[in-house]
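Novice: missing the sequence, but the structure's below:
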């Protein structure tokens with residue numbers, strides 16, 4: 001079930017959701033595997049009483065084991081289906097959809113908001129940026145077993161200031177082929193807006209990574225690229241040298257998925273949504 005955001009016979013609905021990625025084989029639906037898209041599709045198909053699976057578009061297709069606090073998706077529903085959601089309860093369709101989803105979704109997926117999307121909105125292509133977080137504990141005396149599904153334990157102490165300095169050399173419009181799993185016909189050119197490291201009051205080392213978009217495994221590879229710097233095995237210039245080489249380097253380890261969380265997706269003002277979507281659909285190349 002899909003439609004243009006300008007189709008008068010359909011309503012584009014925005015979903016803001018969060019999930020614990022531990023027990024999922026990623027976002028994207030896969031045969032015989034439990035996925036976030038699979039669970040949400042089943043729930044939406046159930047509450048809308050659709051005769052065919054409801055189709056979703058998501059802002060970021062997270063990998064197996066990756067979490068999300070600020071994921072965004074959209075679905076197109078016939079106007080009649082949208083208006084029928086409240087039944088005889090007298091509620092708004094948004095409120096009815098949210099309540100019904102809470103009743104059928106498993107506990108590791110939570111939809112926080114259901115809203116009618118403005119004209120031109122596309123959860124994936126209208127997004128201006130995505131913000132991820134990565135958490136590491138590098139002092140084994142501080143390992144908290146209650147947080148084992150969201151914090152990566154690292155056996156060597158890390159110099160977070162050196163990691164931060166190294167990360168600054170990766171910012172801007174670049175070809176991130178050295179940090180992405182290549183896909184046929186897909187560009188690896190992205191704009192890395194922010195890549196910061198710091199040590200929190202609780203001793204954890206945290207990264208904030210913001211880009212206009214990410215290719216497959218890019219965030220975890222970017223983390224892996226500065227770990228040797230934090231261990232003082234490589235200089236702060238090394239990650240930029242790897243990127244300039246344009247090829248995967250075996251010394252860059254793709255870090256474990258469970259330390260990563262999609263925290264927020266940013267969108268422009270409503271009147272700029274359609275233009276942003278058109279821009280994002282165009283293949284990006286370096287000037």
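Specialist: Arrived safely. Please read these numbers as outputs of a predicted model, since none were measured by experiment.

Novice: Residue 64: how many residues sit nearby?
Specialist: Burial of residue 64 is recorded as 17 neighbouring residues (other CB atoms under 10 Å). Quick note: C-beta positions are derived from backbone N, CA and C, even for glycine.

Novice: what sits against it?
Specialist: For residue 64, the set of contacting residues under the criterion of CB atoms under 8 Å, 6 or more residues apart in numbering consists of 21, 24, 25, 26, 257.

Novice: Taking the chain centroid, which residue in this protein is the extreme one?
Specialist: Note on the chain: the largest C-alpha distance from the chain mean falls to residue 88, namely 36.7 Å (CA atoms, centre = their mean).

Novice: Work out for me the element that one sits within.
Specialist: Applying DSSP states H and E as the criterion places residue 88 outside every helix and strand.

Novice: ok, now residue 12?
Specialist: Using DSSP H and E, residue 12 sits within strand 10-19.

Novice: Buried ones in the next helix or strand after that strand, by neighbour count?
Specialist: The element immediately downstream of strand 10-19 (helix or strand, assigned by DSSP H and E) is helix 36-48. Taking 16 or more other CB atoms under 10 Å as the basis for neighbour counts, the residues of helix 36-48 that come out buried are 36, 37, 38, 39, 40, 41, 42, 43, 44, 45, 47, 48.

Novice: Using CSV, please lay out the residues you listed together with pLDDT and distance to residue 16.
Specialist: Rendered in CSV, the data for these read as follows (pLDDT from 0 to 100; distance: CB to CB, whole Å):
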residue, pLDDT, distance to residue 16
36, 98, 14
37, 98, 15
38, 97, 19
39, 98, 16
40, 98, 12
41, 98, 17
42, 97, 19
43, 98, 15
44, 98, 14
45, 97, 19
47, 97, 17
48, 96, 18
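
Novice: before we move on, back to that, can you list the strands that the strand holding residue 12 pairs with?
Specialist: When pairing is defined by DSSP bridges, strand 10-19 lines up against strand 67-78 (antiparallel), strand 109-116 (antiparallel).

Novice: quick one, strands of the stretch 101-250 of the chain?
Specialist: Using DSSP state E, counting those that start in this stretch, the strands of the stretch 101-250 of the chain run over residues 109-116, 129-137, 152-153, 172-175, 189-199, 205-211.

Novice: so which of those comes closest to residue 263?
Specialist: Ranking the strands of the stretch 101-250 of the chain by proximity to residue 263 (CB to CB) places strand 129-137 first, at 4.9 Å.

Novice: Looking at the closest one now, give me its mean pLDDT.
Specialist: Average pLDDT, strand 129-137: 98.

Novice: and that strand, what other elements does it pack with?
Specialist: Under the contact criterion of 3 or more CB pairs under 8 Å, 6 or more residues apart in numbering; DSSP states H and E, the helices and strands touching strand 129-137 comprise strand 152-153, strand 205-211, helix 218-230, strand 260-266.

Novice: let's go with 6 Å and repeat that
Specialist: Of the remaining helices and strands, those touching strand 129-137 by 3 or more CB pairs under 6 Å, 6 or more residues apart in numbering; DSSP states H and E are strand 205-211, strand 260-266.

Novice: could you dump those strands to CSV with mean pLDDT and distance to residue 104?
Specialist: Formatted as CSV, the entries for the helices and strands packed on strand 129-137 read as follows, by pLDDT from 0 to 100; distance: least, CB to CB, whole Å:
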stretch, mean pLDDT, distance to residue 104
strand 205-211, 98, 33
strand 260-266, 98, 23
